[in-house]
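Participant: from the sequence below, what's the structure:
(one chain, ligands or ions: 2)
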Amino acid sequence: MFIPNFTVRSPHVRYTEEAIEATYRYETTQVETDGATGEAVAVPTTATYHFRTGRHVGRVGLMLVGLGGNNGTTVTAAIAANRQGLSWRTKAGTQSANYLGSILMSSTVRVGADAATGEEVHTPLRAMLPMAHPNDLVIGGWDINGADLGTAMRRAAVLDVGVQVQVEEELSSIKPLPSVMYGDFIAANQASRADNLLPGDDKGAHLERIRADIRDFKSANNLDTVIVLWTANTERFADVLPGVNDTADALLASIKASHEVVSPSTLFAVASILEGCPYVNGSPQNTYVPGAVDLAVRHDVFIGGDDFKSGQTKFKSVIVDFLVQAGLRPTSIASYNHLGNNDGRNLSGPSQFRSKEISKSSVVDDVVAANELLYPRGSDGVPNAGPDHVVVIKYVPAVGDSKRALDEYSSDIFMGGTNTIVAHNTCEDSLLASPLILDLALLAELATRITYRTPEMGAHTHFHPVLSLLSYLLKAPLVPEGSPVVNALFKQRACIDNTLRACVGLPPENDMRLEQRAHPTQPTGRLGVAAAAAAAATGAAADSDAAGAGGSAKATDAEAVRPTIQAKAFGGEGAVHGLNSNAWNANGMGNGGSAEPGGGGLAAAAPPDGVANGNGHA
Ligand SMILES: NC(=O)c1ccc[n+]([C@@H]2O[C@H](COP(=O)([O-])OP(=O)(O)OC[C@H]3O[C@@H](n4cnc5c(N)ncnc54)[C@H](O)[C@@H]3O)[C@@H](O)[C@H]2O)c1
Ligand SMILES: O=P([O-])([O-])O[C@@H]1[C@@H](O)[C@H](O)[C@@H](O)[C@H](O)[C@@H]1O
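Facilitator: Ligands and ions are numbered 1, 2, ... in the order given. This is a model prediction of the structure:
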């Protein structure tokens, strides 16, 4: 069952004109370990959170650093196309503007089970809380290249011409603001693009100009919130130097002194933080030197990163998680790709490639660290390094933005065997990254409207400025100091889903489905009502079939309950389609799923005599 939206009826949730307020009981487990004895004790722990989420979204602006790039032009064109509801012809037929690849716009989340039928109920992820809509985002930004966005879109060669020609006029009216380019932070081959730079090399002056750009953009467009997001080229890592960029004050002083260690991406981060705007880093470099994090905490402004997790790495994080969770031991990961866009050209620079190599390699760290059965520590206590892992990126202009990823995963399996998985993955880089940019912006904006308070706190406050909630969208998630990094993709997704659920007072999804586990002879939980009611139907039908059709055996109450649960799970109201072999259907015992639509499909009916339904009534 699909519902476009919902409200929560609970004594712990209150809807006011301004906000959704929820009192949430957070349950977790803390483990106490004794280093001397090795004893470990698990202690269930609960805490009460009062969440408050502002219901008024306001006007939201998104300023992209690298606006004229493949991602920048693609996301801008896509918003224009969606806003106008455009369609266009291709050789494969008519295409229409969409937001596929955005979890907020194109994925759903389970709300719960239908109270009457027990059927799974899902809703759009964006329906969990008031959200900005991509169509309403006001786009602007900077680029070291001054091409208008219509020209840049053509240069990017990402979108079908059929949609390009329809948005070209709008995009041609957008010209990136001048930006900054320092030293060798990006590859030397990018110099030819740099015709749109702020004058001089005074980083302090550049900082103030960029801050003014943000203020001017916000006021000119009458915006309530501005998100600044880096989708410019990958920079080399910046040195972290004590007294230079290890604290907020040191970093601000270094900017004023135009210290060479300050990168463009860090300068933009500082400007955003000082203007109170959330900043997201879509590239792998260490934009967030300690001084930048310190500044974000001081100003209580969200920062997030690093490096969009768009295709090859997203796949890698899932495959390795699946293998390790299956008790198999990946021994090698060979991760190769070639691409022909300007990003690939920039990454042909060794220092820039190194930044990407780091982010693409670290994505399996948490999964490996979580299983010391497969990856035991050394005798010296040093954690196991995990599988051999190589990352190769080659620049092949001919393929353009259509990155070709080839991966090989080899694993130790049972009794000395080896499993090898090879994958070829054509990742249209910008078509996969652009929806992530939208999700990052919308989630960052949402986070600015969420506050929480525990009983010990005097007032509501925002989440930690390091917005690790964004991890699902990023290869190398930035987390608050001392917090563990989670890379496993579906754990990251569950974090988003359950955080949004908590904000409306709903419990986290635990996938236990206890209401479906109850013994057939026992009353099931509140949500068992549907299964028991359907069980009655099966019981009645099975009785008549057994008598009429000479079925093998009269379905006992227990057997009668089982088929209906399966039927409801598979076929919804009335009909039963394709039951699996260990399920029952109207013809009696499991028949290998040959129940055909309309062919003996179950009809919902009252429970058989004496069989209690979910709420204990016969
Ligand atoms: N699937 C993906 O596309 C993907 C996934 C993860 C990360 N990324 C990262 O996203 C970034 C953008 O990717 P892309 O394909 O759009 O690259 P791109 O080269 O097409 O665009 C980058 C743009 O940034 C501009 N630029 C460079 N330095 C700048 C600066 N200091 N200020 C302002 N503009 C600057 C360039 O002129 C260019 O227009 C890259 O760092 C890439 O590694 C991309
Ligand atoms: O697909 P993914 O690994 O998530 O991310 C991509 C890399 O595979 C590719 O090598 C790089 O050029 C892109 O900028 C992006 O980082």
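Participant: surely residue 426 is within a strand?
Facilitator: Yes - assessed by DSSP: H, G, I helix; E, B strand; the rest coil, residue 426 belongs to a strand.
Participant: I'd say it and residue 401 touch.
Facilitator: No - with contact defined as Cβ atoms under 8 Å, residue 426 does not count as touching residue 401 (10.7 Å). (C-beta placed from N, C-alpha, C; glycine too.)
Participant: between those two, who's got more neighbours?
Facilitator: More crowded of residue 426 and residue 401, by other Cβ atoms under 10 Å: residue 401, with 24 against 11.
Participant: can you pull the pLDDT of that one?
Facilitator: Looking at residue 401, its pLDDT reads 97.
Participant: contacting residues for it?
Facilitator: By Cβ atoms under 8 Å, 6 or more residues apart in numbering, the contact list for residue 401 reads 70, 156-158, 339-341, 428-431.
Participant: what kind of secondary structure is residue 213 in?
Facilitator: On the three-state scheme (three-state DSSP), residue 213 is labelled helix.
Participant: name the nearest residue to it, ignoring sequence neighbours.
Facilitator: Spatial nearest neighbour of residue 213, excluding adjacent residues (Cβ to Cβ, 6 or more residues apart in numbering): residue 177 at 5.3 Å.
Participant: that neighbour and ligand 1, how far apart?
Facilitator: 9 Å (Cβ to the nearest ligand atom, to the nearest Å).
Participant: and what of residue 321?
Facilitator: From residue 321 to ligand 1 the distance is 20 Å (Cβ to the nearest ligand atom).
Participant: which helix or strand contains that residue?
Facilitator: helix 312-325 (DSSP states H and E).
Participant: picking up where we left off before, which members of the contacts of residue 401 are the farthest-apart pair?
Facilitator: Greatest spacing in the contacts of residue 401, by Cβ to Cβ: 340 and 431 (14.8 Å).
Participant: all helices of the stretch 251-400 of the chain, in order?
Facilitator: With helices called from DSSP state H, counting those that start in this stretch, the stretch 251-400 of the chain shows them at 264-274, 290-299, 312-325, 342-347, 350-361, 365-369.
Participant: now residue 110: phi and psi?
Facilitator: Backbone dihedrals for residue 110, given as degrees, to the nearest 10, come out at phi -80, psi 130.
Participant: with adjacent residues omitted, what lies nearest to it?
Facilitator: Closest residue in space to residue 110, ignoring its immediate chain neighbours: residue 122 at 5.5 Å, by Cβ to Cβ, 6+ apart.
Participant: can you tell me the helix or strand for the one you found?
Facilitator: Applying DSSP H and E, one finds residue 122 within strand 120-124.
Participant: the helix holding residue 321 packs against which elements?
Facilitator: Helix 312-325 makes packing contacts with strand 329-339, helix 350-361, helix 365-369, strand 402-413, strand 417-428, helix 489-503 when contacts are defined by 3 or more Cβ pairs under 8 Å, 6 or more residues apart in numbering; DSSP states H and E.
Participant: what's the closest of these to residue 470?
Facilitator: helix 489-503 (8.6 Å).
Participant: now the closest one against helix 312-325, angle please.
Facilitator: 90 degrees (axes from the mean of the first three to the mean of the last three Cα atoms, to 10 degrees).
Participant: how about helix 489-503: buried residues?
Facilitator: Under the neighbour-count criterion of 16 or more other Cβ atoms under 10 Å, helix 489-503 has 489, 491-503 buried.
Participant: for the residues you listed, give me TSV that also has distance to ligand 2 and pLDDT.
Facilitator: Listed next are these as TSV, based on distance: Cβ to the nearest ligand atom, whole Å; pLDDT from 0 to 100:
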residue	distance to ligand 2	pLDDT
489	11	95
491	17	96
492	14	97
493	16	98
494	20	98
495	19	98
496	18	98
497	21	98
498	24	98
499	23	98
500	24	98
501	27	98
502	29	98
503	29	98
